[in-house]
Each structure stands twice: as structure tokens, then as C-alpha cells.
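Undergrad: Would you be able to build a 3D model of this:
(2 chains)
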Number of protein chains: 2
Amino acid sequence: MTIAHADLGQPALIGLDWGTTALRAYLFDAAGRVLATHASAAGIMTLHQPGDFDAVFEEACGPWLAQAPDLPVIAAGMVGSAQGWREAPYVDAPATADALVRGIVHVATARAGTVHIVPGVIERGELPNVMRGEETQIVGALAGDPTLGGARAGVLVGLPGTHAKWAVVRGERIEAFHTFMTGELFAALRHHTILGRTMRDADAPDAATFLRGVEVARRTDRAGLLATIFSTRTLGLTAQLTAEQQPEYLSGLLIGHELAGLNALLTARGTTLAAEPLRLIGSPELCERYRLALAAFGCAHATIVEAATERGLWRIATQAGLVAAREAASEARPDA
Amino acid sequence: MTIAHADLGQPALIGLDWGTTALRAYLFDAAGRVLATHASAAGIMTLHQPGDFDAVFEEACGPWLAQAPDLPVIAAGMVGSAQGWREAPYVDAPATADALVRGIVHVATARAGTVHIVPGVIERGELPNVMRGEETQIVGALAGDPTLGGARAGVLVGLPGTHAKWAVVRGERIEAFHTFMTGELFAALRHHTILGRTMRDADAPDAATFLRGVEVARRTDRAGLLATIFSTRTLGLTAQLTAEQQPEYLSGLLIGHELAGLNALLTARGTTLAAEPLRLIGSPELCERYRLALAAFGCAHATIVEAATERGLWRIATQAGLVAAREAASEARPDA
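TA: Residues are numbered from 1 along each chain as shown, chains lettered A, B, ... in the order given. Got it, this is the predicted structure:
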């Protein structure tokens, strides 16, 4: 891609990361640099009327589009689900960025523009798995690190969060993945079971207590999470955990069970967490937790990927010709 | 124990099963037969003022005590916890009925009577376990089936529910036990996570779908519950489970993970679910679910124990001399 000098610093693309609980909008220049961002809590879960998506879109992007009405717009995440703005049917794993581009669907906006929605990925089988949004972040991780796509043995990409995803990526393809409901289960246990009643939020992270939970899960995994989580309460009852330590310990237990389960799946494939190249995508605080926990499983080489979402939106838009088309249009205009 | 004929059919004991969410009171005659019951939702969680326990006790037992003011009263369950009427410190496992009797604490009622509160049991160790109420039910199961106490190899007693307990009982001692938060986790997932959003309650049980969940947990247990529960949603998304089937499937998954974890613990002790004599204590509907699930683990010999709570309260009161004392008092009164 060649970029005319005059285009640098000028808006070239809008990218939307539109999930269940939040919307984040990025304004890119022609070199893929982020010029501006807009964030709101208007996730798709909060939108119920047909016009809601347009209204939120207008609030987020209206000012940018007022300046440059022809800006292409790409979106990823739950906005493409059946409960979203327009459903973008899942692409089957193994999935490449090209397959994602071919699966893009279009929705017309009230201001007569078009939003290009990136599809999610489905892995079929006895226990199907789905992702929406994470596929774009994985493409972003590959885009930011060309050595990853070439890794023959595959790379493990972890995306901690409400529904943590772990994907095996090989030759720029999302080959397989698993979903662990770790974040959502933590919140449900914290706020809607007896375990939460003796807890108090701590002022600062407590890595030692977190790792204690990780270790219990790692060593006693055979009893399973249903059995170990009750120890959050009994260690409190026996004065071995303070009210502030209990949430840290429970977080460690759950992440420990997640990694123990993942490790068992890898072992069945002839590898382990300790043996795989590994990337993490997510909030710095959460990635740091996972890095600590991974070290307990012998994996000291987990690398945190920065700006995966932005890179992914940019890469898919480029590959879909959205940005090139804009550049061509710019070059044709004498005032560009 | 000899019982005067005139005492049969006359009230001899009040027993209270007073837990977190409910109170059940039993009026026994001198042969341990239940003459009357009283049930209310006044579990200890609903009681906050110092006088609340007395008020609920009066409502439940006042009419019985008005007729027979000297009736002894025994209580088991969370009423003996730190949040209960009076704390009855845990007895250490391995625990016999004698040890429970020695641990009874007393609380004076507003009407100048005494309530005898049975202590719970604690198993200390890296991951402590506690029970309150179940120890009384286990004593009741032993009381109703004298062959159980003599089983040298031990008997496995399962008490499904909010916090399912599995106890190893040998020679009339509660040797060891585990707590699985299966019931409470099901409720939290059903009502406070994304899994519940696509569910509808079914009109009737669906054993086939329940067993499908059990089988998934049994065969894919190594990935762990955090990974398998998401399939409740994805099997719905891919039209393989209806909205009504999803709660049944999730129930099967959770109970399946519980039994897989238990089986792994037993295997580490050199036995299996299929090899152990096994008793179930709980609501008939829930015990039937567990019996179905246990069969998938090769255990076709699970027997449901009836009236374990009543039998346990009666047995501990007898062993504590509460009923004998009453009989002696009765005999001393010419009008008895």
C-alpha cells in the first residue's frame, strides 16, 4: 500500500468495537494511526428499539462524519449478532482474515452511509464454540507481529475477560478455540452466592493470595471447581483468609481452573502451556493476572499484545479494500 | 429404652431443622413417631434482630408447648452457626453421634425453656470443609439402617442441594466429606449470567436432555466446568437445544461435573462410585436426578433414605438423654 503524504494525519477510516456492554470507536488516518477515539457504555445489550443503533452510531461518529462524510466504517463484535444491528453469519473455523472479509455484511445508516460488519467465527462439533470480536483482535495480533503467522507449530492466543477465549492460531488461521466463562462466573459467585457475603473489595491487588488460589486449582484440579470454590468460605470461617483476601483467592481459583482445563486439553493434543508460544490480549490488569497464573503452570513467556483491536479493524478494512477505495477517491480529487 | 404404653401417641420431643432458608419443626411421641409438623420460610437468613429467633420459635412451637410446657427441644442446622441463635462450635471429623451429643449448646427461650442445638462438623486441612444439619441427617440414615454403621469399607452418603455434601461414613463415624456448590451455582448461572437469557422453564422433567449434559461432563471433564457450561448457549445458538431443554442440560452438566470430581477423589483413594455402597438424602425429585446421573457413572445401587432428618433429630435427642429425662419426669407425675 502506498500512501500519499497529504493523506497522513487525515481521517481515512472509522472502526467500531461494539460489544455487549460497550462501544469503542476509532478514527484512523491513512497509515492506520489512531487520530481519535470515542467510548460509551452503549453496548448492544442496552439497545432495544430499531432506531437505537443509528442513534448511538450518530452520537459516536456523527462529528467525524460531518467533517468527512465519505469515511468508510467497519465494525466488529456483538453488533453482528442476532441481537445486534444486522446479523453477520458466523464463518467456520479454521478461519483466515480473507474468510472474515468475505463474510462482511452491510447495514445502511440513517445518514445514507454504510457500516461494514465483520462476522464472528464458529467451531462446529459436539460442543460448538463461537466468538464475535475476538477474531478481529487475533487478526490484529497477527498484523502487529509478522513472525506469529509463520509459526508452524501454532501460537496460543488468550483473550481473558467475561468469556475468556483461548485460540490456537497456525499459519494466519484461527484453527480451534475454547470459551471459559471465567469472568462472568466470578461476578455471579461474587454478587449472587453465599461466597460474596463474607467478602470485601480490597484496596490493592494481592498477588500472593491470588496465587494461593491458582495453586489450589492447579494441584487439586481433579475435584473440580464445584468442590474447590467452597474453600473460599471455609478458609474465611477458619480465619485463614480475610474478607479482603477472599475475592483475590476466588479469582485465583477460577483462573487456575481455567488454565488447568486448558492445559489438559493441550496435553491431549501432545503439548502443554509451558511449551507453546503464547500471546495475551486484554486489559493490562487482567493480562497481568493471567501472566502470574501462567507462570505457576510453567509458562514464563506470555507476551501481552498491545492495540490488537485497532490493528485488527484496520487490517480487515485494508484487506476488504475499504481504505484503498478511499485513497483512490482522495487521489482523484484535486483538493486532496 | 422402655416406653410406657400411656406415653405412645403423647408428645415427647420437639425437633427443629432450622436452616438458612427454612424452618421445619417436628413433634415426636415417645416412640419417635412424628405426630405433627410445622414448616415456615423463616430461615436464619431472614432473622436479624435479637428477638427474631424467639418470635419464630414461639410461632412454630408455642401451641405445642402450651399443651406440654416441659417438652424437650432439639435443633440442628444453621441455627447453630455464628449467624444463628447461638453458635455451637464445630466438632472435628471423624465425628460420631456421641461427639455431636457432647458438643450440644443450650439457649434459653423467652418462655424459660431450653433449646439444645446440635453442632456441625468440620474437616480441617488445606481446604477445610464444614456442614451444619447434614451431620444430623447422616446420623438419621445410620439410625434407620443398622447395617450401614457396620459396613467396614465405608458407605458414601450424598446429600444433594444448594451445597451438596458427600460424606464417607465408616463404623458410625463421619470420616471425611466434600462440599460441591452445585445447587447454588445452577441458580446463579440460571438467573445471573448470559446462559439464563435463552432459557425457558420446562413443564416436565426431560431425562434424556439431562443425561446428555451428564455425559458431556463425564466424558469431557478434563476441560472443566468453566469450558463446558458455555455449550449450553452454543447448542442453543445452533438449534441443538430448545429454550426449555437448556436448563435440563445445564443441570446435567453441573451434576455430571460434581460426580466426575467425586469419582476422581474416590479413585485417588482406590475406589470408585460404582464400587461403593451409596445412600442419597434429599428431596425426592433431586435424589431421582442424582440416581439417573449416578447410573451414568456405573452406580446403579444408590438408595434413597427416607425421613433422615426426623430420625437424626430423634436419635441424637435420645442419645443425649433428652427423651429419657422426659420419660422419667412423666413417670413421676401421677397424671401422666
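Undergrad: is it fair to say residue A:75 lies in a strand?
TA: Yes - assignment of residue A:75 by DSSP: H, G, I helix; E, B strand; the rest coil places it within a strand.
Undergrad: Run a quick neighbour tally on it.
TA: Residue A:75: 28 surrounding residues under other Cβ atoms under 10 Å in any protein chain shown. No exception for glycine: its C-beta is placed from N, CA and C like everyone else's.
Undergrad: if I pick it, what's in contact with it?
TA: A:15, A:16, A:17, A:18, A:85, A:115, A:116, A:117, A:118 (Cβ atoms under 8 Å, 6 or more residues apart in numbering or on different chains).
Undergrad: which one is it nearest to, not counting chain neighbours?
TA: With Cβ to Cβ, 6 or more residues apart in numbering or on different chains as the criterion, residue A:75 has its nearest non-adjacent residue at 3.8 Å, and that residue is residue A:16.
Undergrad: How about residue A:103?
TA: residue A:119 is the one closest to residue A:103 (Cβ to Cβ, 6+ apart), at 3.7 Å.
Undergrad: Now name the helix or strand holding the closest residue to residue A:105 other than its chain neighbours.
TA: Nearest residue to residue A:105, sequence neighbours excluded (Cβ to Cβ, 6+ apart): residue A:88, at 4.4 Å. Here residue A:88, judged by DSSP states H and E, is contained in no helix and no strand.
Undergrad: Equivalent analysis for residue A:252, please.
TA: Per DSSP H and E: helix A:245-268 holds residue A:252.
Undergrad: Who does the helix or strand just after that helix pair with, and is each partner parallel or antiparallel?
TA: Scanning forward in sequence from helix A:245-268 by DSSP H and E, the next helix or strand is strand A:278-280. Here strand A:278-280 has these sheet partners by DSSP bridges: strand A:155-159 (parallel), strand A:303-304 (parallel).
Undergrad: which helices and strands sit right next to whichever helix or strand comes after the last one?
TA: For strand A:303-304, the following helix or strand on the C-terminal side (DSSP H and E) is helix A:308-319. Secondary structure elements in contact with helix A:308-319, counted by 3 or more Cβ pairs under 8 Å, 6 or more residues apart in numbering or on different chains; DSSP states H and E, are strand A:11-18, strand A:23-29, strand A:73-76, helix A:97-102, helix A:134-144, helix A:322-332.
Undergrad: from the middle of its chain, how far away would the fourth one be?
TA: Right, the one you point to is helix A:97-102. Taking Cα atoms, centre = their mean, to the nearest Å, one finds the center of helix A:97-102 at 18 Å from the center of the full chain.
Undergrad: Give me the helices and strands touching it, please.
TA: Packed next to helix A:97-102, using 3+ Cβ pairs under 8 Å, 6+ apart, are strand A:91-92, helix A:134-144, helix A:308-319.
Undergrad: In contact with residue A:160, which residues?
TA: A:182, A:183, A:255, A:280, A:282, A:283, A:286, A:287, A:289, A:290 are the contacts of residue A:160 under Cβ under 8 Å, 6+ apart.
Undergrad: Which ChimeraX command selects the buried ones in those?
TA: Listed next is the ChimeraX selection for buried residues among these, using 16 or more other Cβ atoms under 10 Å in any protein chain shown:
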select /A:182,183,255,280,282,286,287,289,290
